[in-house]
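Enquirer: Give me coordinates for this.
(chains A, B, C and D)
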Protein chains: 2
Amino acid sequence: MITLEDVARQAGVSLATASRVLNGSTRQVGASLRARVERAAAELGYRPNLAAQTLARGASNIIGIVVHDLTDPYFAALADGAMRVAADQGLLVMVGATHRDPEQEIAYVASLNAQRVRAVLLAGSRVDDPHVTGRLREELARYRASGGRVACVGQDLLDVDTVAPANRQGAADLARSLAGLGHTRFAVLAGPAGLLTAADRCAGFVDALASLGLPEPLVVHGAFDREGGYAAARQTGEATCVFAVNDVMAVGALASYRERGIGVPADVSVAGFDDITTLRDHVPALTTVRLPLADMGAKALTMALGGEEETRVERVVGEVVLRESVRRHG
Amino acid sequence: MITLEDVARQAGVSLATASRVLNGSTRQVGASLRARVERAAAELGYRPNLAAQTLARGASNIIGIVVHDLTDPYFAALADGAMRVAADQGLLVMVGATHRDPEQEIAYVASLNAQRVRAVLLAGSRVDDPHVTGRLREELARYRASGGRVACVGQDLLDVDTVAPANRQGAADLARSLAGLGHTRFAVLAGPAGLLTAADRCAGFVDALASLGLPEPLVVHGAFDREGGYAAARQTGEATCVFAVNDVMAVGALASYRERGIGVPADVSVAGFDDITTLRDHVPALTTVRLPLADMGAKALTMALGGEEETRVERVVGEVVLRESVRRHG
DNA sequence: GACAGACTGGAAATCGCTTTCCGGGAGGGG
DNA sequence: CCCCTCCCGGAAAGCGATTTCCAGTCTGTC
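Expert: Numbers count the residues shown, from 1 in each chain, chains lettered A, B, ... in the order given. Down below sits the predicted model:
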């Protein structure tokens, strides 16, 4: 391994000078020495040891992103947005996938702290478990105490910079749009009871229907993924309009109806939430609430990096997008 | 920041003892001292500085994955597979997205080298540019010279452990299946000319048709993504069967035909390649060649970590999956 | 022509941890 | 009873950079 010392020796200068030339320093170095060092570094193929730099500087140029599942397009989009701003700033990215295990999430924060990453981005819904949340907050506090920056995409529960999708409002807007189409008997594929994103969307939808004076919808719980939507769709009874709390579940529901010969939107209207890009070409095209996921990821990381003192919360409101999967009723 | 020295002082032991207790060492430490150290570490909330450990040990517990685009389900699946084996081994993961810029790929390898990562996984097709490939090989050689391990998913061009999808064979098998359905006039949505994955699949398809004595297909180049398929689909002329060199392009083509009122499979049959999971619910269901992407990612990382001396190449053959998007012709 | 002040180069301390090397005490065999 | 080995704890030397402090050189001004 070629070290800075090798370069300095080859160039016939001191370690300090070599360091100043090769890594951005405020100090000037004379043109001739500078050239010698640069040539030596190129000849030897010198690569700085980032671990040593991190140790000496006391800060790395890495950021960490923690997601639930990278193969879920929702998180992929979020991560992609964040990674673009990281790349712009010359930062490296560490990604951890928790597969929805909160313990894993805590463990990742600990690891990222140990790695002295510049910032960590928690993308993904909080769960409704005060004990777990408490431990996570503790770990985050430890990290922030040592100068780490944290941002979160999701519920504003951690006292950190947060990009918070307006889940309730988006679901409520959607409910009003669907009611405007004449539907009165609704069902909600509500996802797991403990997941706040799911719960908020469900609550927003239900409340909006109530305030319109419509009958209470049928709420079916299940997994937050395609299989969950697929399974839950068998229990939507007489509903003429079904709201799945995310697009992936909606696609599962669509598959279920298709297999059973139930027409969408002929027999039942279906809507989702998120507006996943990959699903843009689905047939029938999915009615949903659009969230600018890549922007949200980018925004969150920018906030974390931004060095503001007080924690800020940015609400992002989704936009209802009506497509073929719903139609007027009655 | 709490350092190991703080812990040692609080426990009233030496630095060496504290280190031996807290980080797996071969040396034994007496029960009472061990307990004192552990208690002190817990009380203080000690977190080891991984940069310092990496520097002292000369090796990190990080692996790097370089992909083209994380929002492309192909790469997400590959990365997910690899990340699972990393997590099993207690390794952290750094992910870089090049967005198909070969310079970025080289830059990432340099960064990962600087970070002294344990292994690098290059997921993503090589391009047909000897100059770029040469520079990448150079950078990889530098990395491997210092003990780094490398694996690649894609063409076996880098003299590293490789998981190589049998693109030619898969495309040829697909061609034979489609020809077996009675099609004779084919078109290939071939992707960019310089991308080897695209070129291999195209060539496999074309060669197989030739050896069956069928007329040469129409080859339309374009981008390797949804838009590329969408655009290229306008130029498939009289073909009754269209092969898109990946699923995402096939979906774009499907969208194009749908918009123009061209029935699939009624008027034209369409097939893709990869069998992306997210597209499983597409309508019409896509005929494709299934690649076990997560397994391939996992296998590649395992090979890299495996420490074999000679480089190994593992071919993965895809399986033709006939679905609704094609039908018998004539 | 001399002196203050700005620059540039180098020696050495430092970052936090691992690990080699040493020394002292305990245990076992002759 | 002594000696040799084995085991465990500590002191200290790195790992590869950064950065402070010091010294020597130039410039510019009075």
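
Enquirer: contacts, neighbours, all on C-alpha from now
Expert: Fine.

Enquirer: Let me know the secondary structure of the residue in the stretch 151-300 of chain A positioned nearest to DNA strand D.
Expert: With C-alpha to the nearest atom of the strand, the shortest gap between the stretch 151-300 of chain A and DNA strand D falls at A:Ala151, namely 25.4 Å. When states are read from DSSP: H, G, I helix; E, B strand; the rest coil, the local structure at A:Ala151 comes out as strand.

Enquirer: Tell me the spacing between the residue in chain A positioned nearest to DNA strand C and B:Ala300.
Expert: In chain A, no residue comes nearer to DNA strand C than A:Val29, which is 3.0 Å away by C-alpha to the nearest atom of the strand. Going from A:Val29 to B:Ala300 by C-alpha to C-alpha, to the nearest Å gives 45 Å.

Enquirer: Likewise for A:Gly124?
Expert: When distances are taken as C-alpha to C-alpha, A:Gly124 and B:Ala300 turn out to be 28 Å apart.

Enquirer: Between those two, which has more neighbouring residues?
Expert: Taking neighbours as other C-alpha atoms under 10 Å in any protein chain shown, A:Gly124 and B:Ala300 compare with B:Ala300 leading, 30 against 20.

Enquirer: Was I right to think the more buried one contacts B:Thr162?
Expert: Yes: look at B:Ala300 against B:Thr162 with C-alpha atoms under 8 Å: they come within range, at 6.6 Å.

Enquirer: tell me, what's touching those two both at once?
Expert: By C-alpha atoms under 8 Å, 6 or more residues apart in numbering or on different chains, B:Ala300 and B:Thr162 have these common neighbours: B:Ala151, B:Cys152, B:Val153.

Enquirer: Closest one of those residues to chain A?
Expert: B:Val153 (17.6 Å; C-alpha to the nearest C-alpha).

Enquirer: and the closest one, what does it touch?
Expert: Counting by C-alpha under 8 Å, 6+ apart, B:Val153 touches B:Leu121, B:Leu122, B:Ala123, B:Gly124, B:Ser125, B:Thr162, B:Val163, B:Ala164, B:Pro165, B:Met296, B:Gly297, B:Ala300.

Enquirer: if we go to 6 Å?
Expert: Listed by C-alpha atoms under 6 Å, 6 or more residues apart in numbering or on different chains, the contact set of B:Val153 reads B:Ala123, B:Thr162, B:Val163, B:Ala164.

Enquirer: any idea how far the third one is from B:Gly272?
Expert: When C-alpha to C-alpha is the yardstick, B:Val163 and B:Gly272 sit 21 Å from each other.

Enquirer: The two: which has the busier surroundings?
Expert: Using other C-alpha under 10 Å as the criterion, B:Val163 and B:Gly272 rank with B:Gly272 on top: 29 against 25.

Enquirer: Could you check how far the more buried one is from B:Arg185?
Expert: Applying C-alpha to C-alpha to B:Gly272 and B:Arg185 gives a distance of 17 Å.

Enquirer: and what of A:Val153?
Expert: Taking C-alpha to C-alpha as the criterion, A:Val153 is separated from B:Arg185 by 50 Å.

Enquirer: list the buried ones in stretch A:300-308?
Expert: Buried residues in stretch A:300-308, counted by 16 or more other C-alpha atoms under 10 Å in any protein chain shown: A:Ala300, A:Leu301, A:Thr302, A:Met303, A:Ala304, A:Leu305.

Enquirer: Now the stretch 51-200 of chain A against chain B: closest residue?
Expert: For the stretch 51-200 of chain A, C-alpha to the nearest C-alpha, closest residue to chain B: A:Met94, 4.1 Å.

Enquirer: Quick check: closest non-adjacent residue to that residue.
Expert: Once its chain neighbours are removed from consideration, A:Met94 has its nearest residue in B:Met94; the separation is 4.1 Å (C-alpha to C-alpha, 6 or more residues apart in numbering or on different chains).

Enquirer: Hmm, B:Gly64 and the one you found touching each other?
Expert: Yes: at 4.6 Å, B:Met94 and B:Gly64 qualify as touching, with contact defined as C-alpha atoms under 6 Å.

Enquirer: more neighbours, those two?
Expert: Neighbours per residue (other C-alpha under 10 Å) separate B:Met94 from B:Gly64, with B:Gly64 holding more: 31 against 24.

Enquirer: My understanding was that the more buried one contacts B:Leu122; is that so?
Expert: No: counting by C-alpha under 6 Å, B:Gly64 sits too far from B:Leu122 to count as a contact (8.4 Å).
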